[in-house]
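Visitor: structure here, sequence nowhere to be found:
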DNA sequence: GCGAACTTTCAGAATCTTCTGAAAGCGATT
DNA sequence: AATCGCTTTCAGAAGATTCTGAAAGTTCGC
C-alpha cells in the first residue's frame, strides 16, 4: 500500500485556475492523474500490478492510442516495464495495438477498450478463472476417499465439509455463468431479480 | 506462487494403506494437508496472506477448537505469526476464541465458522468492501468539473468516461446488495433468475 | 502482590515481487 | 546486406511483504 512518487510532475499546476492559455489541458491532466493513481491503487487490491493498472488507466482515460514512449514519459516508468505491461494488457484483451496510417511513424500505438461493459466483463471473467474456477477443479482432490467408499467417522466428517464447499462453489459458478451469458440483458434481468427476491424472502 | 516447504512432515505416510493400527488418522492428515496447502494458495490469489489462509483452512477442516501451540506445530509457523493471524481471522469474523471448560488449561482455543454459507458471505462482504466500494466513493473525485459546469470538449469526454464507470459500479453495487440481502433465498431465486434471463435474451 | 502460563508486539531477517536499463532482436527501408 | 528506429528480454537492483523469536505484556490463581 506504500505510495510511489507522484506519477507526473505536472509542471504548471500552480497557475491553472486563473491562466487562460491552456487551462483546460492542465485541469484534465490533473484529473487524469488522479484517476490513474486511484485505478493503480485499486489494481493492487485486485491482484494486478500497480503499473499494469496505471498503464491501463492512462490508455482508458486518454481514449486515444498512445505510443510506448508517451506512456513511459507520462507515468515515468521504464521502457522495459511499459513493454511487459502492454503485453499483459493485450493478453487480457483490454488493450489493442494499432498502427497509425502515418507511414513515417513506425511506432506501435496502443488503445484501450472504451466500452465499460466489455471492460468489466473482461475483468470479471479473468478473475473468476483465476480465483474461483480452481476451487471446483481441485477441491475434489482434497477428499479422503472416493464417494461411496466405506470409511471411518472422522473421514466422513472431513469429506462432508469438502463436499459442502464444493457444492456451494458449483452453485455460485452456475449463477455466474447465468449472469455472464445474459450480457447486457443483465440490466433488465436484475430488476426482475430483485422483484423475485422480494417475493421469495 | 513460490512453494513453501511442505507444511507438515507427516512422518508415517509411507505405510498408510496397508497398516491397520491408525490408518484413518494418517489418511485424514494427508487430506487435510492437501486442503490446507490448496486453500493457502487460493488465499494468495484472494489477497489474503498465505499463512492466514492456512490457519483458517486448518481450523475449518479440523472442525474443533485448537490452541495456538497446536496450530504452530501443525503448520510449522512461529508463535508470533499464529497470534497475528488469529487476530486477523477474528476481525474478519471467521474464527472465534473459545474457552474450554477444563479449568487447568488456561490456553485460548480457536474455532472456525463451520457453516459454508456464512463463510462465503463473510468473505464476499469483506472483499466487496475492500475491492469495490472505494470505486463508488472515489470515482466522483476523478471528474474534471462539477456536474453541470460548462467545460471544454475534452473535459466533457473525460467526465463522460468517469460517469459511465461510476454508473456501472452503482449498478453492480445494487445487484450485489440485492443478492446479499436475499441470504439463502438466493438458491431459489437463482433458478427463477435463469428462467427470467432465458426469456429476456 | 507475586509467580506461572499464555499471548502479543515489533525490530530485524528472510523472502518474494517489481522495476530498471543495457543489450539483443526484429523488420522495414535504402 | 547494412542501417535505423523501435520493441522485447532479462539479470541484477530496489522495494515491499511476510516471518521469526525474544522481550514485554496480560491474566489468573494463590
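Guide: Nice, I can see it. Just so it is clear, the structure is predicted and the values come from calculations on it, not from any experiment.
Visitor: ok, now how distant is the most centrally placed residue in chain A from residue B:163?
Guide: Geometric centre of chain A, nearest residue: residue A:123, 4.1 Å, by C-alpha atoms, centre = their mean. To residue B:163, residue A:123 is 19 Å away according to C-beta to C-beta, to the nearest Å. Every C-beta, even on glycine, is put in place using the N, C-alpha and C of the backbone.
Visitor: thinking again about what came up before, ok, is the host helix or strand of the residue nearest to the centre of chain A in contact with DNA strand C or not?
Guide: Assigned by DSSP states H and E, residue A:123 belongs to helix A:116-131. No - looking at helix A:116-131 against DNA strand C by C-beta under 7 Å from any atom of the strand, there are no contacts, and the closest approach is 13.5 Å.
Visitor: measure stretch A:52-71 end to end?
Guide: 11 Å (C-alpha to C-alpha, to the nearest Å).
Visitor: ok, residues contacting it?
Guide: Stretch A:52-71 has contacts (C-beta atoms under 8 Å, 6 or more residues apart in numbering or on different chains) with A:7, A:32, A:35-40, A:42-44, A:46, A:74-75, A:77, A:79, A:82-83, A:85-86, A:88-89, A:94-95, A:98, A:100, A:107-114, A:119, B:157-158, B:161.
Visitor: mind listing what residue A:112 touches?
Guide: A:56, A:59, A:60, A:62, A:89, A:94, A:95.
Visitor: for those, I'd like a selection string for PyMOL - just the buried members, please.
Guide: The PyMOL command for the buried members of the contacts of residue A:112 (criterion: 16 or more other C-beta atoms under 10 Å in any protein chain shown) is given here:
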select buried, chain A and resi 56+59+60+62+89+94+95
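Visitor: number of nearby residues for residue A:129?
Guide: Residue A:129 has 10 neighbours, counted by other C-beta atoms under 10 Å in any protein chain shown.
Visitor: tell me the one of the contacts of residue A:112 nearest residue A:150?
Guide: The nearest member of the contacts of residue A:112 to residue A:150, counting by C-beta to C-beta, is residue A:94 at 51.4 Å.
Visitor: do I have it right that residue A:131 meets residue B:42?
Guide: Yes - applying C-beta atoms under 8 Å, one finds residue A:131 in contact with residue B:42, separated by 7.2 Å.
Visitor: looking at the two, which is more packed in?
Guide: For residue A:131 and residue B:42, the more surrounded residue by other C-beta under 10 Å is residue B:42, and the numbers stand at 20 against 16.
Visitor: what helix or strand is the more buried one on?
Guide: Going by DSSP H and E, residue B:42 is part of helix B:23-45.
Visitor: counting contacts, what elements does that helix pack onto?
Guide: Contacts defined by 3 or more C-beta pairs under 8 Å, 6 or more residues apart in numbering or on different chains; DSSP states H and E place helix B:23-45 against helix A:116-131, helix A:133-138, helix A:153-181, helix B:50-62.
Visitor: also compute the angle for it relative to helix A:153-181, please.
Guide: With axes from the mean of the first three to the mean of the last three C-alpha atoms, to 10 degrees defining the directions, helix B:23-45 sits at 30 degrees from helix A:153-181.
Visitor: could you count how many residues lie near residue A:91?
Guide: When counting by other C-beta under 10 Å, one arrives at 10 neighbours for residue A:91.
Visitor: how close does it get to residue B:58?
Guide: Taking C-beta to C-beta, one finds residue A:91 at 36 Å from residue B:58.
Visitor: same check, this time on residue A:25
Guide: Residue A:25 sits 57 Å away from residue B:58, taking C-beta to C-beta as the criterion.
Visitor: so between these two, which is more surrounded?
Guide: residue B:58 (24 against 14).
Visitor: thinking again about what came up before, give me the buried positions along the helix holding residue A:123.
Guide: Neighbour-count burial for helix A:116-131 flags A:116, A:119, A:121, A:123, A:126, A:127, A:131 (criterion: 16+ other C-beta under 10 Å).
Visitor: in TSV, list those residues along with distance to chain B and pLDDT.
Guide: Below are these laid out as TSV (distance: C-beta to the nearest C-beta, whole Å; pLDDT from 0 to 100):
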residue	distance to chain B	pLDDT
A:116	5	95
A:119	8	95
A:121	10	90
A:123	11	93
A:126	12	93
A:127	9	93
A:131	5	94
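Visitor: next, the residue nearest to residue A:59 when sequence neighbours are not counted: phi, psi?
Guide: Of all residues not flanking residue A:59 in the chain, residue A:112 sits nearest, at 3.6 Å (C-beta to C-beta, 6 or more residues apart in numbering or on different chains). Dihedral angles of residue A:112 (phi, psi; degrees, to the nearest 10) stand at phi -90, psi 150.
Visitor: same deal with the one 3 residues further on?
Guide: When quoted as degrees, to the nearest 10, the phi and psi of residue A:115 stand at phi -80, psi 110.
Visitor: what about it, how many residues nearby?
Guide: By other C-beta under 10 Å, the residues close to residue A:115 number 10.
Visitor: also residue A:26?
Guide: 19.
Visitor: and the pLDDT for it?
Guide: pLDDT, residue A:26: 87.
Visitor: among the buried residues of helix A:116-131, which one sits closest to residue A:167?
Guide: Nearest to residue A:167 among the buried residues of helix A:116-131, counting by C-beta to C-beta, is residue A:131 at 18.5 Å.
Visitor: distance-wise, check that closest one relative to DNA strand C.
Guide: 15 Å (C-beta to the nearest atom of the strand, to the nearest Å).
Visitor: which ones are touching the residue nearest to that residue when sequence neighbours are not counted?
Guide: Distance criterion C-beta to C-beta, 6+ apart; nearest residue to residue A:131, sequence neighbours excluded, is residue B:45 at 4.9 Å. Residues near residue B:45 by C-beta under 8 Å, 6+ apart: A:47, A:130, A:131.
Visitor: can you tell me the closest non-neighbouring residue to the second one?
Guide: Setting aside the residues directly before and after it, residue A:130 is nearest to residue B:45 in space (C-beta to C-beta, 6+ apart), at 5.9 Å.
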